[in-house]
Structure formats: C-alpha cells, structure tokens
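Visitor: My questions concern the predicted model and sequence given below.
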Amino acid sequence: MGLTAKSRISLLAMLIALPWFDIYPADSPAQNRCLTKPEADRVIRLMDDPGKLNKNRKLKRELLKMERAQIDLNEKIILNSRNAGGVIEDYKNRARNNLIRLCGMIRQNGWPRKKTVGKDGLEAAFYLIRNSEGTDLQREIFPVLAAASQRGLIPKGNFAALIDKLRIDSHGKQIFGTQIKIKDEIGYLYPIENEVNVDKRRKLYELAPIAEFIKLIEIQYRTIIVKMQSRPEIGRKDLPAATISDSSITGIADEEDEILSIDSRLVNLNLRVLNQDLTGTRGLGLKKGDFIVYENGLEQDISFFSSADTPFDLVLLLDLSGSTTRMQGLIAESARRFIALSRPVDRIALVSFADRPKIISGFSGNKQMLFSKLRELDDYGGSRVWDALNFTYEKIIREPEAGRRTAVVFMTDGVDNTLVQRSRRQGAGSYLLGLMPSKITFTELLETTRRNDATLFAIFLDTEKMQSGVYSNAKSYRQARISLKMLSEESGGQYYRAGQIGDLSGIYQKIINDLSEVYSLGYEPSVSDGDRSWREISVKVKGRPDLIVKTKTGFYAR
C-alpha cells in the first residue's frame, strides 16, 4: 500500500523525539569523540537562534580541502580496487580524522549554513559525515543531522543515505537503497527492506528512482552493480540495532507490503551434466529418478522431467558494434558454421546489435534461409550490449513453446557503452558524455536473467588489443568479462573466451554437444503469501559424485 498520509506528515517530525542517551558513551577519550549530548543539544538550539550569519571563507576552504582529499583517495580505491593495498587504510584514517575535525568545527561554530560556507561547503560537510568509517561518531552527530533535516538545513536525500548506512552497520537492511559496497571492482547493492516500495520512499526523500541512481554509479565508476542476495555480516557487532530503530527513524511505521497473488507454476530447470573438468558427457541416458533437486538445502519432489533429446530454440546474438568492426566478416562466417553444426530438431533466430538490436531472422529450422539472412549482417555504432540481451529476453524469448527449450548464444566483447563512459554532474539529469549507455542497468539485466528460463552461452570476443581511444580501457574489458561470466553462471550456461576468431569453431562444437545433453525438470516450490525471498537451487546426480550438474543458481519467490 506504500506510504500513508500519516507517514508523510510524521516523517521528519518523529526524528527528534528519540531518546539519544544511549549513544553518548561517557568513557570515550575526548579526542575520539564527536559531540557529547549537551554539545549536540546546544548545536540544535543554535539552529533556531543562529544570530547574525556571516560568510566564513576560511571554514569553507577547509571543508572543501578535506572533502577533495577524501574523494581522491576513494576514487583511487574504486578505480583500482585490486591493488588498493595501503590506500584503503589511509582512507579510513583520513575519513575518521576528518569527521573528528568537522565535529570540532560544529562544536565551535554551530551547524554550517549556506550563508556561511555556501552550498558546496555544506555538501562537503555532509560528505565527510556520511563517508566516515567512524560509525560511533556518526551516531553521536545523528541527532544534530535529524534536527537539521527537519529544519530544511540539509537535503533529505543526504539524511536518507546516513540512515541506510547506520542500519547496515547494525546488521539491518537499508530502506532507501543508497548503499553500495565496491569489492574486487564489482559494486554490491546491500539488501533493501520491502524493496517493492523503495522508489516511493526515495521520492519522499527527494531521491531519484533507484534505477537512475544505479546507472549513475555504473557510469561514474565504470563498474557493474549486482544485488546482494542476503544481509551481509559486516560492521561492528557491538553496535545495537535498536539505536537506529526501523519506524522511529523513518516515520514509515505503517508501510505495508503489497498484496501478492502467488504464482504456482513450476520452477523449470535446464540441466547440463558435465564431468569434473567441465567437459561434456555423452550417452548417459539419465532418467527422472537419477536427479535430486535442492531448494535452500531442502530436497524437492520432481513433478516434471524431459530427456536430453528435447529440441531447442536458439538465439544467435551477434555484436556488430564499432569495437568488433575488424572481425565482422569472421563473425558472420563463424555464425554460418554454428548453423551448419546445429541439430535438425533445433530452430535458430538471428539478432545483431550495435546502438540498437535488429532481428535478422525469427526462429527457423531452414538452414539455407538462415545462411542467406547472414548476408544482411551490416551494422556499426555504439555498443549497447545490455540492452541487446534484454531485448532478446523480452522480444525473442518469451514463454517457450510446449516441448521446446530456449538458449541464447551471445557473441560479444561485452563492453557496454556504460563501461567506457565518462560522467559529469550537471543538474539532476544530464551527466553523460560520449556514447549513450544501455538504458537498462546491469543490476536489472542480471535480475531478468535470473527470472528467465533460457540458458545463456556467452562467447567473449577478445578485441582489447585492437582498440584505441575511448574503448582502450583495461578495466572496461575486465568488467565485460566479469559481467558475461556472471550472466552465464546465473542461467546455468557457460562462459567461453575466444582469444582469436579461430577459437570459435571449437567453442560452437562444445555448445552443440552441450545442448544435446541438456535435461529439463520442474518442481512446485513452497511459497508463502508475500514471500519474495531468493531461493538457492542445486541439483545432483544420485550416486555420481564425478558428475557436475549446472543449472540456474536460484529464483525469487513470487
């Protein structure tokens, strides 16, 4: 039902009514403190009686200098997280010391205003608070921030970000979706409480929809963002979650989940049975009783099974963007070989893309017609990789026909325009330079892949050495490989790397062999009303520890 009128009225009014005595430890050394409770109360009183406000250029310069130094360290970590080393420790120390210094400024001068330090000085002050490693310090200054937010002295969105951070540090879920952890060059969005209502909450706190926020982060740091499937064990375990309580802090006490209608359809799984070295198996002739399916570790009853001879509908998705220009003739020829190798029972559709996807042919088993269609491959432009795969899921692969399975063979260098962007801040919406990125975020694409029954075989075309200028970015190619591996794994498929175009023939043969040994089964999940949790799936072959079964990693209850 979302946010009620009562919630909207009481949202910020409730913030100051909290008992804050438990977040001011009396035995902390003064140099490691932010504000005592009497000091915080004094700063809040000054908000209502600030006296004459004069510009303080010295204070502003110091705030901006501290912010700049911290941002520079943060960007070094994010853009080269694999070799950050001592930079991380330097960042933590600087961030904590900056916050202690800022607390001293606030103790002396009161809460900074636009009239005293300017808009950029005020934003710098909040940046230093929000991005500190000192959770204990953030809690001490939290009542001051709540009061400032209530009086319109700081943007609500900044305050929402701090609420999320403190909830995560107390082992809770965030409620506004502002917190992302960068690790090994991948961004992980922390779990969100009642995610279906997150954009309603973000709007109330003057934040852009979460998809726009994620896209900005992807572009700014050239990093894919994925959702964490469960609440991580992070932060300081000695910090009580009750201090930042759910309803008291947000004023969203009566938010309710939307009523769900339970979809009782089967969970459909395509299974690839491999040897321990991930090579294909042939002629096993496995039956329904040979498989065991686990959902969240609990064995499930298999209610549907299909043997390996079930035909496939295959989409051959070909990257014809500018980065693959020198390879396009060979791409067409390799696609021809794949069609020639395909089984008579299978149907193939052809889709190409650069700036936009194009349907070259719908599903057909007529190989001669498909060969002729390959002559129409001719495209050039940007690389909207993620939009192309999403288009394939939405427009080409819908619900498979009865008795058929679906798969996508995705030939690409994987470098979406998002990963080679540069960003600028200009107002609320215009922040892109250069090529247009995919409209869809990688976060959304990965969720779509998780919900789709199609198996994805991603073939990474290594075009890195051919590139110069905007595309010649080692991180972009690392991100491309990571993203293609992740998409393949989530679907139960496989990732292949083609160092040279000659590798494709062997890869296509492996895919065709794999498809000839794919089994399908289904089971009816136990889903409780309102449950949207992620369910992990694993499948084994009874009595055959030498075999590995690859399938989708899980599904969302709905």
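Guide: Perfect, I can see it now.

Visitor: Any stretches of the stretch 351-500 of the chain with poor pLDDT?
Guide: 400, 421-435, 466-472, 500 (pLDDT under 70).

Visitor: quick one, strands of it?
Guide: Using DSSP state E, counting those that start in this stretch, the strands of the stretch 351-500 of the chain run over 357-364, 405-412, 422-423, 432-433, 455-461, 494-498.

Visitor: so which of those strands comes closest to residue 55?
Guide: Among the strands of the stretch 351-500 of the chain, strand 422-423 comes nearest to residue 55, with 30.9 Å by C-beta to C-beta. From N, CA and C alone the C-beta is placed, and that goes for glycine too.

Visitor: JSON lines for the strands of the stretch 351-500 of the chain, including distance to residue 125?
Guide: Compiled in JSON lines, those are given as follows (distance: least, C-beta to C-beta, whole Å):
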{"stretch": "strand 357-364", "distance to residue 125": "46"}
{"stretch": "strand 405-412", "distance to residue 125": "45"}
{"stretch": "strand 422-423", "distance to residue 125": "23"}
{"stretch": "strand 432-433", "distance to residue 125": "28"}
{"stretch": "strand 455-461", "distance to residue 125": "45"}
{"stretch": "strand 494-498", "distance to residue 125": "45"}
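
Visitor: And these: which comes nearest residue 268?
Guide: Among the strands of the stretch 351-500 of the chain, strand 405-412 comes nearest to residue 268, with 8.9 Å by C-beta to C-beta.

Visitor: how far off strand 494-498 does that closest one point, in degrees?
Guide: Put simply, strand 405-412 runs at 30 degrees to strand 494-498, going by axes from the mean of the first three to the mean of the last three C-alpha atoms, to 10 degrees.

Visitor: Listing partners with orientation, what would you give for strand 405-412?
Guide: Paired strands of strand 405-412, with direction, are strand 312-319 (parallel), strand 455-461 (parallel) (DSSP bridges).

Visitor: contact partners of that strand?
Guide: 270, 306, 310-319, 324, 331, 334-335, 338, 385, 388-389, 392, 397, 400, 453-461, 484, 487, 493, 504, 511, 515, 518, 520 (C-beta atoms under 8 Å, 6 or more residues apart in numbering).

Visitor: and if we set it to 6 Å?
Guide: Strand 405-412 has contacts (C-beta atoms under 6 Å, 6 or more residues apart in numbering) with 270, 310, 312-319, 385, 392, 397, 400, 454-459, 520.

Visitor: Return the members of the residues you listed classed as buried.
Guide: Buried by 16 or more other C-beta atoms under 10 Å: 270, 312-319, 385, 392, 397, 454-459, 520, out of the contacts of strand 405-412.

Visitor: Give the residue spans of the stretch 201-350 of the chain that score low on pLDDT.
Guide: Ranges of the stretch 201-350 of the chain meeting pLDDT under 70: 230-265.

Visitor: Show me the strands in it, by range?
Guide: Under DSSP E, counting those that start in this stretch, the stretch 201-350 of the chain gives strands at 225-227, 267-275, 291-295, 298-300, 302-306, 312-319, 347-353.

Visitor: out of those, deepest packed?
Guide: Most buried of the strands of the stretch 201-350 of the chain by mean neighbour count (mean count of other C-beta atoms under 10 Å) is strand 312-319; its value is a mean of 25.

Visitor: That one: how far from the chain's middle?
Guide: How far strand 312-319 lies from its chain's middle: 25 Å, per C-alpha atoms, centre = their mean, to the nearest Å.

Visitor: And stretch 441-452, by the same measure?
Guide: Distance, centroid of stretch 441-452 to centroid of chain: 9 Å (C-alpha atoms, centre = their mean).

Visitor: List the buried residues of that stretch.
Guide: Under 16+ other C-beta under 10 Å, the buried positions of stretch 441-452 are 441, 442, 443, 444, 445, 446, 447, 448, 449, 450, 452.

Visitor: Now go through those residues and say which are in helices.
Guide: 442, 443, 444, 445, 446, 447, 448, 449, 450 (DSSP state H).

Visitor: List the contacts of the first one.
Guide: Under the criterion of C-beta under 6 Å, 6+ apart, the contact list for residue 442 reads 224, 386.

Visitor: any idea how far it lies from residue 332?
Guide: According to C-beta to C-beta, to the nearest Å, residue 442 stands 28 Å off from residue 332.

Visitor: The closest residue to residue 113 other than its chain neighbours in helix, strand or coil?
Guide: The spatial neighbour of residue 113 that comes closest, neighbours along the chain excluded (C-beta to C-beta, 6 or more residues apart in numbering), is residue 53 at 5.8 Å. Secondary structure for residue 53, judged by DSSP: H, G, I helix; E, B strand; the rest coil, is coil.

Visitor: Kindly state the pLDDT recorded for residue 53?
Guide: For residue 53, the pLDDT comes out at 81.

Visitor: wait, what's in contact with it?
Guide: So, once contact is read as C-beta under 6 Å, 6+ apart, residue 53 ends up touching 113, 115, 116.

Visitor: would you list every one of the helices in the stretch 151-300 of the chain?
Guide: 156-169, 198-204, 210-221, 246-250 (DSSP state H, counting those that start in this stretch).

Visitor: Residue 488 contacts residue 482, doesn't it?
Guide: No. Residue 488 is beyond contact range of residue 482, at 11.0 Å (criterion: C-beta atoms under 6 Å).

Visitor: So which of the two has more stuff around it?
Guide: residue 488 (23 against 19; other C-beta atoms under 10 Å).

Visitor: what residue is smack in the middle of this protein?
Guide: Centroid-nearest residue in the chain, with C-alpha atoms, centre = their mean: residue 226, separated by 2.3 Å.

Visitor: Show me what that residue is bridged to.
Guide: residue 188.

Visitor: Could you export the strands paired with strand 405-412 as a markdown table, including distance to residue 275?
Guide: Converted to a markdown table, the strands paired with strand 405-412 look like this (distance: least, C-beta to C-beta, whole Å):
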| stretch | distance to residue 275 |
| --- | --- |
| strand 312-319 | 22 |
| strand 455-461 | 18 |
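
Visitor: buried ones in stretch 35-53?
Guide: For stretch 35-53, by 16+ other C-beta under 10 Å, it's 35, 36, 39, 40, 43, 44, 47.

Visitor: List the ones among the residues you listed that fall in helices.
Guide: Short answer: those in helices (DSSP H) are 39, 40, 43, 44, 47.

Visitor: Ignoring the adjacent residues along the chain, who's closest to the fourth one?
Guide: It stands for residue 44. residue 147 (4.5 Å).

Visitor: just the ones in helices among the buried residues of stretch 441-452 now: which is nearest residue 348?
Guide: Relative to residue 348, and with distances defined as C-beta to C-beta, the nearest of these is residue 449, at 20.4 Å.

Visitor: My read is that that closest one contacts residue 491, right?
Guide: Yes. Residue 449 is within contact range of residue 491, at 5.5 Å (criterion: C-beta under 6 Å).

Visitor: And residue 534, how close does it get to residue 294?
Guide: Distance from residue 534 to residue 294, by C-beta to C-beta: 14 Å.

Visitor: and residue 67, how many neighbours does it have?
Guide: Using other C-beta under 10 Å: residue 67 sits among 21 other residues.

Visitor: And for residue 301?
Guide: By other C-beta under 10 Å, neighbour count at residue 301 equals 7.

Visitor: List the contacts of it.
Guide: Applying C-beta under 6 Å, 6+ apart to residue 301 gives no contacts.

Visitor: Please repeat the previous calculation with a cut-off of 10 Å.
Guide: For residue 301, the contacting residues are 293, 523, 524, by C-beta atoms under 10 Å, 6 or more residues apart in numbering.
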